[in-house]
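K.L.:
Build me a structure from this.
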Amino acid sequence: AAAKACCEGWQWRAALGLLDDARRCGVRANAFVLAPVVHACSRGQAWEHAIDLLALMRRHRPPDALWYEAAARACNLSRRWEEVLWLLADMHSGQLQPTRVFMANFLSSVPGGSPAALRHAVSA
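P.N.:
Next up, the predicted model:
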């Protein structure tokens, strides 16, 4: 609940701190614990942390398209289109279809709609 409140308040640093505190207390990082933290990171442009949390989630279960969507949002807000492209390729390797929101984040993150990036995304 506290991590969710951090998400709603765009407090990604506080959400990551709560996650660290929970780990020290022996709480396992599962989807229920990680979801609000990755969403807080997506709102705070903390793209590195969002991608790290996606990798952590993979240890417990395959992330769904909404997880990728949150990570893509963080990357988009930071104009990290290469990372969004990597996320797209990772989704395809996991047999996941990107959501419309994911693709909107990708397209808006590409500077000037780089044709090379768009061609690569289509062929991924």
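K.L.:
Just give the number of residues close to Asp64.
P.N.:
Using other Cβ atoms under 10 Å, the number of residues around Asp64 comes to 14. All C-beta spots, glycine's among them, are computed from the backbone N, C-alpha and C.
K.L.:
list the contacts for it?
P.N.:
The neighbours of Asp64, taking Cβ atoms under 8 Å, 6 or more residues apart in numbering as the test, are Leu96.
K.L.:
so how far is Glu82 from it?
P.N.:
The gap separating Asp64 from Glu82 is 23 Å, by Cβ to Cβ, to the nearest Å.
K.L.:
and if you look at Gln97?
P.N.:
For Gln97 relative to Glu82 (Cβ to Cβ), the value is 21 Å.
K.L.:
Tell me the secondary structure at the residue nearest the centre of the chain.
P.N.:
For the chain, the residue nearest the mean C-alpha position is Ala71 (1.5 Å; Cα atoms, centre = their mean). Following DSSP: H, G, I helix; E, B strand; the rest coil, the label given to Ala71 is helix.
K.L.:
Once you drop chain neighbours, what's closest to it?
P.N.:
Once flanking residues are discounted, Ala71 sits nearest to Ala50: 4.2 Å by Cβ to Cβ, 6 or more residues apart in numbering.
K.L.:
Many thanks, have a good one.
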